[in-house]
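Colleague: the sequence isn't on hand, but the structure is:
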Ligand SMILES: [Zn+2]
């Protein structure tokens, strides 16, 4: 919840008005938008606190609540919908790096892992795995999300464990059901568990660029702001990792994102990161920063 609070604190009006304002903006914004900030309303700000902060009486507050109700219902989902020439792509944050991607009647999971319960979700047509660590490669979740026809594409190091996966290495591209799936590098430049070692060695893990209906979606995998990321072109939506000690801090992530300039950036795999720092690092860049809840209570 921390990032929601910090997001609201960047607005200068009283908290409740800020939330309603933000909700209104999101409601009216472009096709990519989904409101999120006012999700904190029911959980964090009881009426009394709102009244105290806004200096308003019960009746105006009530009216504002009535106004906010449909928006609250709208915020029940974190799913993002991106229009493409081949139809909409729906992307739902599950937990940390685990992501659900739906398009053309097909279901794709990126890095399905605990604590998400896949037994209650649609079965996968395709599973993509970026790396060998447990928050990306989880045989139990892969089993729960799979049906007999499920295909799995994974970094070669993953195939040693997930033996039914087809390997896709850095620089390789596969076509699948209208998608183009390109594996791109993801690795540490300097951070590791001990001197001379890295958490993620170059060549082992994948990021992915997924193209569907002309839209290019980038999932960074676990990486620092490597030259290959900075050189990316024409990314519509970028999902970029940040967390220490394993990947990079939010200021470094923002700086790398500025270099390749996606239209929209969505932090993911961001546990413990101050996303206000990431937002501030991209102020004035023209890149839309969209914050989703990757850490719901499970
Ligand atoms: Zn990770």
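Modeller: Perfect, thanks for sending it. These figures come from a predicted structure and were not determined experimentally.

Colleague: can you list the weak-confidence ranges in the protein?
Modeller: 1-76, 298 (pLDDT under 70).

Colleague: what residues does it have near the ion?
Modeller: With Cβ under 5 Å from the ion as the criterion, the chain meets the ion at residues 135, 222. Just so you know, the C-beta spots here come from the backbone N, C-alpha and C atoms, and that holds for glycine as well.

Colleague: got phi/psi on the residue sitting nearest the centre point of the chain?
Modeller: The centre of the chain sits closest to residue 268, judged by Cα atoms, centre = their mean, with a distance of 3.9 Å. The phi/psi pair for residue 268 (degrees, to the nearest 10) reads phi -140, psi 170.

Colleague: now do the SS call for the residue nearest to it when sequence neighbours are not counted.
Modeller: Excluding its sequence neighbours, the residue lying closest to residue 268 (Cβ to Cβ, 6 or more residues apart in numbering) is residue 239, at 4.7 Å. Judged by DSSP: H, G, I helix; E, B strand; the rest coil, the three-state class of residue 239 is strand.

Colleague: so what sits opposite residue 239 in the bridge?
Modeller: Here residue 239 sits in beta bridges with residue 219, residue 266, going by DSSP bridges.

Colleague: for it, grab the count of nearby residues.
Modeller: 27 (other Cβ atoms under 10 Å).

Colleague: same question for residue 214.
Modeller: 10.

Colleague: ditto for residue 177
Modeller: Residues near residue 177, counting by other Cβ under 10 Å: 14.

Colleague: check the one 4 residues further on too.
Modeller: The burial count assigned to residue 181 is 21, neighbours taken as other Cβ under 10 Å.

Colleague: if I look at the nearest residue to it once chain neighbours are set aside, how far off is residue 138?
Modeller: Nearest residue to residue 181 in three dimensions, chain neighbours excluded: residue 174, at 4.8 Å (Cβ to Cβ, 6+ apart). Separation of residue 174 from residue 138 (Cβ to Cβ, to the nearest Å): 22 Å.

Colleague: what does residue 243 give?
Modeller: In terms of Cβ to Cβ, residue 243 sits 18 Å off from residue 138.

Colleague: try residue 254
Modeller: For residue 254 relative to residue 138 (Cβ to Cβ), the value is 29 Å.

Colleague: which one's more surrounded, those two?
Modeller: A side-by-side neighbour count of residue 254 and residue 138, using other Cβ under 10 Å, places residue 254 first with 25 against 21.

Colleague: helix, strand, or coil at the more buried one?
Modeller: Per three-state DSSP, residue 254 ends up helix.

Colleague: show me the contacts for the closest residue to it other than its chain neighbours.
Modeller: Nearest non-adjacent residue to residue 254, counting by Cβ to Cβ, 6+ apart: residue 281, 2.7 Å away. When contacts are counted by Cβ atoms under 8 Å, 6 or more residues apart in numbering, residue 281 touches 250, 251, 253, 254, 255, 258.

Colleague: is the last one located within a strand, as I assumed?
Modeller: No. Counting by three-state DSSP, residue 258 is not part of a strand but helix.

Colleague: okay but it is in contact with residue 289, surely?
Modeller: No. The pair residue 258 and residue 289 does not pass the contact test of Cβ atoms under 8 Å, sitting 11.4 Å apart.

Colleague: overlap in contacts, those two.
Modeller: In contact with both residue 258 and residue 289: residue 282, using Cβ under 8 Å, 6+ apart.
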